[in-house]
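# Model the following, please.
(chains A, B and C)
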Amino acid sequence: MQATTRSSSRPRKAFPFHILVFLVPAALIYTLFMVYPLIDSLRLSLFTNTGSGDVFVGLRNYVTLLTDDLWSPRFWGALRNNLIFFLIHTLVQNPIGLLLAALLSSRYLFGRGVYRTIYFLPTMLSVVLVGFIWQLILSPLWGISKGFLGFFGLGSLFRPWLGLETSALIVLSLISVWQFIGIPMMLFYTTLIGIPDELIEAATVDGANQWQIFWRIKFPLILPVIGIVEILTFVGNFNAFDLIYVVEGALASPNYSTDIMGTLFFRTFFGQQLQLGNPTMGATVAGMMFFVILIGVLLYTFVWQRRVTTYEL
Amino acid sequence: MNTAPTSKIRHFVGRIGSHFILIPAALVSLFPIVLVVMNSLKSRKAIFGAPLLPPLPGTFSTVGYETVLKRSNFEMYFLNSLIVTLGAMFLILFLGSMAAYALSEYRFKGDTLVGLYMAIGIMIPIRLGTVSILRLAVNLKIVNTLAALILVYTAMGLPMTIFILQQFFRQVPRDLKDAARVDGASEYYVYRLALPLVAPAVATVAVFTMMPIWNDLWFPLILAPSDATKTVTLGTQQFLGQFVTDWNAVLSSLTLAMLPVLILYLLFSRQLTRGLTAGALK
Amino acid sequence: MSRKFAVLTLVVLLAMVLASCAPTQTAQPTQAPAAEPTVAAAAPTAKAKLTIESWRNDDLKIWQDILIPAFNKQYPDIEVVFEPQAPAEYNGVLNTKLEGGTAGDLITCRPFDASLKLFQAGYLSSLNDLPGLENFSDVAKSAWITDDGKDVFCVPMASVIHGFMYNKDIFDKLGIAEPKTEAEFYAALDKIKAAGITALDMGTTDLWEAATMGFQNIGPNYWKGEAGRQGLIKGTEKFTDPQYVKVWEQLAKWKPYLSDGFQAQTYSDSQNLFTLGKAAIYPTGSWEIGVFSPQIDFKMGAFKPPLPEGSDKCYISDHTDIALGMNSKTKNPEAAKKFLEWMTTQEFAELYTNQLPGFFTLSNHKINVTDPVAQTFMSWRGECESTIRNSYQILSRGEPNLENELWAVSAQVINGDITPEAAAKQIQDGLDKWYKPAQ
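Numbering: from 1, shown residues only, chains lettered A, B, ... in the order given. I've put the predicted structure just below:
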């Protein structure tokens, strides 16, 4: 497109002053309050505390985290749980978001503004509140869910889901899905209503039904957005922390079955009741999080973005 | 191919059918929120006895709200949150749009590198940098000021904002900008010309970046825990800790913590969706 | 035009920063001048301000309404602010603030290693020359003293005693007496369960309940209090020894008496269940007394951990739990010392013990405990041998952290996920990884 030509014709003698004016304020605040502190702390992952000061150990902390029989089960467990967390979001949040968006984008729908507002409402709440609310709802003592199931004669199906190793992580993922469904919904919706009517009318004239129109015309057009939604979900999930922390505590009970990278990092870096924080290993965990998210971002930019065609509308 | 009547029926079914999915989904979204608000207006026994019933004459009680309002400074916390959120939002959108404009508009040595550099922030948990950020704030003597929070949140919000707005600035027609340049306009004027054209995207980014700032607990706790600078989220959290077993107070403070955001959202949701749809249609 | 725009940007930026600084700086006059050394000389005339860091957010009201006003009666020139955090965040926030140099002047100390590390890192001041420290016994000070016994770094405030609280109304209705032995204990549980009431009130989702209110509560009777605790530290006893495995065996027996869905029952759920009168027996600690008393409409009682078969000597966990130290970087060391000194007095001991029933002063002053349930707990000190939680001193210094492991393992035993033997083995293996007892 045109954008690629840009202002390359401009003479490149002195660095243009106006570019600096545009970039420097943002870069300054960002560098000072984000990049510098992060790098300064990430540096710790290459050191170990011997009691009398920090000693440089190269990548040894990373080797410890990945192989030591004390650290590695926690790390791989957290990574696995985090992948499950992400997988449930991908399989539940994004398809449902797409479905809702598809239904909402129908031109003759009544009350779409109200629906849109309602679906986005939970996204506006703090994760701390959401965790607290759902803990109350699922509480075996308050009896909301039990009573609710009982209403349909299913009371015997109730289990203390948040307390069982087999279900806690799944339930927490679903709570997170409940909260954030508004984001993919909005992004899909925006794209769907941007599809020109002529395209759809032409297909209708050709005899395509709604189903075919969706898969043959709309879906290819929203494919790039699916990529964006996926990468946003990925980054968000691997940085997630608050929900697990609020509902299951820093030890990610029961028996670490809800432990994800964020909780592992927090526990390691800041410590627990009688456990002192371990900044160097904490930074190592953060370094691994950086690495994992970087892989995701690189896959997105170099694999997904190159294979998926973006159609100009 | 379709005959008129069947397509009409199909149309009708389609219109009604959507609601069979949309209404339950809406109920699922609303249920927990309604439940909390509803029970916050009931007596303690009724909260436990009949949690699914709305407050009735016999069970109605505002005792929770009385406890909350008596023992905390909610109005001031609310003002602090407002200052921090709006201040950070302003800086994020203003500085972010400038940087995004520059990155999309100009080719210069290392522009890709600068673009990548601006994305590091979304890949590392910001909590990692806590100690360094606190030290920095101490050196700048801004601990226990709202400025510390504004600056940190600005830094947190910039990467995503720049990333998204860049794409939108690329869609601004080149002719428009070049015409202005021919007329002798400065580059700053061209930016100001382009900004309104991406306003819908700016509105979207505004909402996405606002939520985490308003809801953050960690940095208020570390950087500005004094009573004069407490935010609503921090105030609520400390409040909850005090009354873990007083469910009237718990539910009331949960409601009070939710309401401002929900009201703000309801006020702006029209602008937001207009922004979103306008952005999509260009 | 261009220059104008650039200047405007800067002005707006500055204005934003200044605007957000301004109101708080005027609100806190002590903040800004304190950084300048010249002001220090003028300090005595100005009102000194002390901030207390604490995890006791439950106590906010008592500090604000009673303790601080009482202190100000004697020292009107010292302003004291109690700034508690949620317990779960306390350690992380405190450590960060200490590193950043923004922590409060007075710091609430957790017992043993957590505070010892803070002292070794130079964050806490030595309090050896603090007048009034002689009012505390060596045992009281033991939780906040260096290993060599040379430096005391926190003023002991209180200990908490473990035991079982019960709903007297339910006991009376079912004709149950306070159980003294384990056989009686289980008989009582069976009777309550048969009556359709939750017999034992405990959840495992928060983990620490299982370890603190379960394992550490009934354990001392098995490992013979201090003898067992010291044995573990010296390496003469192991968690795999029968006296420890038996404790987990007891916990495993609790499962049928817990309420439906106890796996997802949180600590506040447990508190609610008991105070609403829906559960009969609550394994807990004395700190709950003050929280519960205003909430309940039934009579509450307490009994000590029931004696195991064949033993006649009782042991209780009388845990040194809380103390107050001084931030070594405080700007008002004189005022901070005055406050700490006041904390060693009879007046403070009496106020604290009676305003927070269940927190028993560690000082040697004679105190009249007014709360009847608190009296009950206190009376056990005369009947039984006291000890503290066995994971707190020395044994939680390494990785894996013994305390964390005890939480997880005890909860799993109650859930029925692992056997008592497996629990014991996991704990001892974890300890063996890093702990080499000095022989």
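
# show me the residues around the residue sitting nearest the centre point of chain A that make contact.
Taking Cα atoms, centre = their mean, the centroid of chain A lies closest to residue A:236, which sits 2.3 Å from it. By Cβ atoms under 8 Å, 6 or more residues apart in numbering or on different chains, the contact set of residue A:236 is residue A:180. In short, each C-beta sits where N, CA and C put it, glycine included.

# In three-state terms, label it for me.
Residue A:236 carries the three-state label helix when classified by DSSP: H, G, I helix; E, B strand; the rest coil.

# Ok, residue C:349 next?
Relying on three-state DSSP, one would call residue C:349 helix.

# Can you report how many residues lie near it?
Neighbour count of residue C:349, defined by other Cβ atoms under 10 Å in any protein chain shown: 22.

# I'd assumed residue C:361 was in contact with it.
Yes - between residue C:349 and residue C:361 there is a contact at 4.0 Å, judged by Cβ atoms under 8 Å.

# can you list residues touching both of those two?
In contact with both residue C:349 and residue C:361: residue C:367, using Cβ under 8 Å, 6+ apart.

# Got the domain ranges for chain B?
B:1-61, B:63-281 (automatic domain parsing).

# helix or strand right after the helix or strand hosting residue C:244?
Assigned by DSSP states H and E, residue C:244 falls within helix C:242-254. Following helix C:242-254 in sequence order, the next helix or strand is helix C:267-275 (DSSP H and E).

# Does that following helix reach chain A?
Yes - on the criterion Cβ under 8 Å from any Cβ of the partner chain, helix C:267-275 is in touch with chain A at C:269, C:272-273.

# what about the next helix or strand after that helix and chain B, touching?
Where DSSP H and E defines the elements, the next helix or strand beyond helix C:267-275 is strand C:279-285. No - Strand C:279-285 stays clear of chain B (Cβ under 8 Å from any Cβ), getting no nearer than 12.6 Å.

# Strand C:279-285 relative to helix C:242-254, how many degrees between them?
150 degrees (axes from the mean of the first three to the mean of the last three Cα atoms, to 10 degrees).

# which residues of the stretch 51-200 of chain C fall in helices?
Using DSSP state H, counting those that start in this stretch, the helices found in the stretch 51-200 of chain C span residues C:60-62, C:68-74, C:87-100, C:113-120, C:138-141, C:168-174, C:182-194.

# Show the average pLDDT along stretch B:222-241.
Regarding stretch B:222-241, the rounded mean pLDDT is 80.

# For the residue nearest to the centre of chain A, give its distance to residue C:377.
Distance, residue A:236 to residue C:377, by Cβ to Cβ, to the nearest Å: 48 Å.

# Check residue B:178 too.
According to Cβ to Cβ, residue B:178 and residue C:377 sit 83 Å apart.

# of those two, who's got more company?
residue C:377 (25 against 12).

# So that one: helix, strand or coil?
Residue C:377 ends up helix, using three-state DSSP.

# any low-confidence regions in the stretch 201-313 of chain A?
Applying pLDDT under 70 to the stretch 201-313 of chain A flags residues A:309-313.

# Mind doing that once more with 90?
The stretch 201-313 of chain A contains residues with pLDDT under 90 at A:201-229, A:231-232, A:235-236, A:239-242, A:245-255, A:266-267, A:269-279, A:290, A:293-313.

# Which residues of it lie near chain B?
Residues of the stretch 201-313 of chain A lying near chain B (Cβ under 8 Å from any Cβ): A:207, A:210, A:235, A:239, A:241-242, A:262, A:265-266, A:269, A:279, A:282-283, A:286, A:289-290, A:293-294, A:297, A:313.

# Nearest to chain C, out of the domains of chain B?
domain B:63-281 (3.3 Å; Cβ to the nearest Cβ).

# Tell me where chain C has strands.
Assigned by DSSP state E, the strands in chain C fall at C:48-54, C:78-84, C:106-109, C:154-167, C:198-200, C:279-285, C:300-303, C:315-326, C:360-361, C:385-387.

# Could I get the ones you listed in TSV, plus columns for distance to residue B:238 and mean neighbour count?
Below are the strands of chain C laid out as TSV (distance: least, Cβ to Cβ, whole Å; neighbours: other Cβ atoms under 10 Å in any protein chain shown):
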stretch	distance to residue B:238	mean neighbour count
strand C:48-54	11	22
strand C:78-84	7	19
strand C:106-109	15	26
strand C:154-167	21	25
strand C:198-200	31	22
strand C:279-285	23	25
strand C:300-303	28	20
strand C:315-326	19	24
strand C:360-361	26	25
strand C:385-387	34	19
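
# Generate CSV for the ones you listed, with distance to chain A and mean pLDDT as supplementary columns.
Formatted as CSV, these follow (distance: least, Cβ to the nearest Cβ, whole Å; pLDDT from 0 to 100):
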stretch, distance to chain A, mean pLDDT
strand C:48-54, 15, 93
strand C:78-84, 16, 91
strand C:106-109, 13, 96
strand C:154-167, 15, 96
strand C:198-200, 9, 95
strand C:279-285, 10, 95
strand C:300-303, 19, 96
strand C:315-326, 12, 95
strand C:360-361, 21, 92
strand C:385-387, 17, 92
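
# The closest residue to residue A:79 other than its chain neighbours and residue C:314: what is the separation?
With sequence-adjacent residues excluded and distances taken as Cβ to Cβ, 6 or more residues apart in numbering or on different chains, residue A:79 is closest to residue A:261, at 6.7 Å. Look at residue A:261 and residue C:314: by Cβ to Cβ, they are 47 Å apart.

# Looking at these two now, which is surrounded by more residues?
Set residue A:261 next to residue C:314 and count neighbours by other Cβ under 10 Å: residue A:261 wins out with 25 against 18.

# quick one: contacts for that one?
With contact set as Cβ under 8 Å, 6+ apart, residue A:261 has these partners: A:78-79, A:82, A:238, A:285, A:288-289, A:292.

# Mind doing that once more with 10 Å?
A:75, A:78-79, A:81-82, A:85, A:237-241, A:285-286, A:288-289, A:292-293, B:125 (Cβ atoms under 10 Å, 6 or more residues apart in numbering or on different chains).
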